[in-house]
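**Student:** Give me a 3D structure for the following:
(4 chains)
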Number of protein chains: 2
Amino acid sequence: MPLLMLKDLPRYECLLEAAREFPALDPSATEVFLHLLRCGDEAFRVVDSHLAQHEITQGRFGVLMALWGNCQRSGCQMPLTPAELADRTGVTRATITGLVDTLERADLVTRTPHPEDRRMMSVGLTKRGEKLLARIMPEHFRRMAWLMAPLSEHDRRTFVRLLTKVLARAAEEPSPAESGRSHESGSVAAAH
Amino acid sequence: MPLLMLKDLPRYECLLEAAREFPALDPSATEVFLHLLRCGDEAFRVVDSHLAQHEITQGRFGVLMALWGNCQRSGCQMPLTPAELADRTGVTRATITGLVDTLERADLVTRTPHPEDRRMMSVGLTKRGEKLLARIMPEHFRRMAWLMAPLSEHDRRTFVRLLTKVLARAAEEPSPAESGRSHESGSVAAAH
DNA sequence: TCTTTCTCGTTAGGCGGCTAACTATCTGCC
DNA sequence: GGCAGATAGTTAGCCGCCTAACGAGAAAGA
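**Tutor:** As a prediction, the model looks like this:
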């Protein structure tokens, strides 16, 4: 999931210099932003490289985890519909169709018609899917723990607090900073 | 760039409970990890939704920024080769080919043969590309500043320090936690 | 009852990332 | 000089994600 953000994070002096040209540039905010995106990307890579060893992508893993999490809660196998999976994993229903196709082909999930509503399908973990998850998860968690090992418990609480602040801000407005927007147009498409 | 990480971050009690079943699960580490990925994703979305208004993707923006950054430093138009662009933006050369194709079609960059080495190409910003960047960047920076506004300067320094710690850890090993890995196999492909 | 409207899952098509393989060119060694 | 190997950019093909549109089925209002 390469982000294509500037690979080498710019030094703070460069930001200060650029801020002279662009008054809108807040150096410390930009610095946090770039570090955040880059760090998220690296963290992703750490677990994704492991999942890839099992030929599992992030999308497939999300579906398996959603089914497993659901199974755990209710204590028994409780299948989900594709729409529920889409809701829990945060991708579109169209994407779920593709993911479930792949997982079904690999015999990790089953797709059966829903007994009550003939529009719906019912997606459930197979034994094979459960066993794969059980094999993946210990190392999966181990990698998260390994990555965060340099942080003390106090660091972690602070970190979560800061991340939560930013998350709340991001959720604050559907599209932030409508304020002062006066220039649209000028797009790729505009160059006939 | 939806990550397909569990959309609703699990509550801490759930992590504690899951930790009983999986000894490898470090609750506070997992909590930080999930918040980090989710927050990076949201931050990405905040700026990406703006770039999309100009029909610019993250990939295209990275290429434009790399060319602009290079131009700024040397004070004049200094084109780059696709390989240099790939290096600076962190995607493969193959991807650069596609991105430059699109940008060239939109008259935002030019692609000319390199004068010295006939294997190489020379990619430079057009006037139109420069103008588009000049139009995008103020709002781009404004969004970063807006997102980070809830954080004090002290918060920001702490935030960058924590992110840097994790970044350093991620860079520490090409593939972390080789320790205790004994189970490969068991993959999608294995289910013929 | 029957029509409208909504929801479900799927399909089609696009895009941007990847790897692997290819052609063209340059470089270094005999 | 001439050939082996490295390097540059492109191509082909895969995959996961998206949006838009569709047909089947359910739900609600006349």
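**Student:** can you tell me which residues contact the closest residue to A:Val109 other than its chain neighbours?
**Tutor:** Among residues not flanking A:Val109 along the chain, A:Leu103 sits closest, at 4.5 Å (CB to CB, 6 or more residues apart in numbering or on different chains). (Glycine included, C-beta is placed from N, CA and C.) Counting by CB atoms under 8 Å, 6 or more residues apart in numbering or on different chains, A:Leu103 touches A:60, A:63-64, A:109, A:129, B:188.
**Student:** and if we set it to 7 Å?
**Tutor:** Contacts for A:Leu103 (CB atoms under 7 Å, 6 or more residues apart in numbering or on different chains) come out as A:60, A:63, A:109.
**Student:** does DNA strand D sit close to the strand or helix carrying it?
**Tutor:** Element membership of A:Leu103 [criterion: DSSP states H and E] is helix A:93-105. Yes - among the residues of helix A:93-105, A:94-95, A:98-99, A:102 lie within reach of DNA strand D under CB under 7 Å from any atom of the strand.
**Student:** Looking at those residues, spot the one nearest DNA strand C.
**Tutor:** A:Ala94 (3.1 Å; CB to the nearest atom of the strand).
**Student:** pLDDT score for the closest one?
**Tutor:** pLDDT for A:Ala94: 95.
**Student:** Quick check: the gap between it and chain B.
**Tutor:** Using CB to the nearest CB, to the nearest Å, A:Ala94 is found at 13 Å from chain B.
**Student:** still on that earlier bit, filter the residues of helix A:93-105 next to DNA strand D down to just the buried residues.
**Tutor:** Among the residues of helix A:93-105 next to DNA strand D, those buried by neighbour count (16 or more other CB atoms under 10 Å in any protein chain shown) are A:95, A:99, A:102.
**Student:** Name the nearest residue to the last one, sequence neighbours excluded.
**Tutor:** If I follow you right, that is A:Thr102. A:Arg60 (6.5 Å).
**Student:** Now do the strand or helix carrying the one you found against helix A:93-105: the angle between them, please.
**Tutor:** Using DSSP H and E, A:Arg60 falls within helix A:58-74. Between helix A:58-74 and helix A:93-105, the angle comes out at 80 degrees (axes from the mean of the first three to the mean of the last three CA atoms, to 10 degrees).
**Student:** pLDDT of the following helix or strand past helix A:58-74, averaged?
**Tutor:** Using DSSP H and E, the next helix or strand after helix A:58-74 towards the C-terminus is helix A:82-89. Helix A:82-89 carries an average pLDDT of 92.
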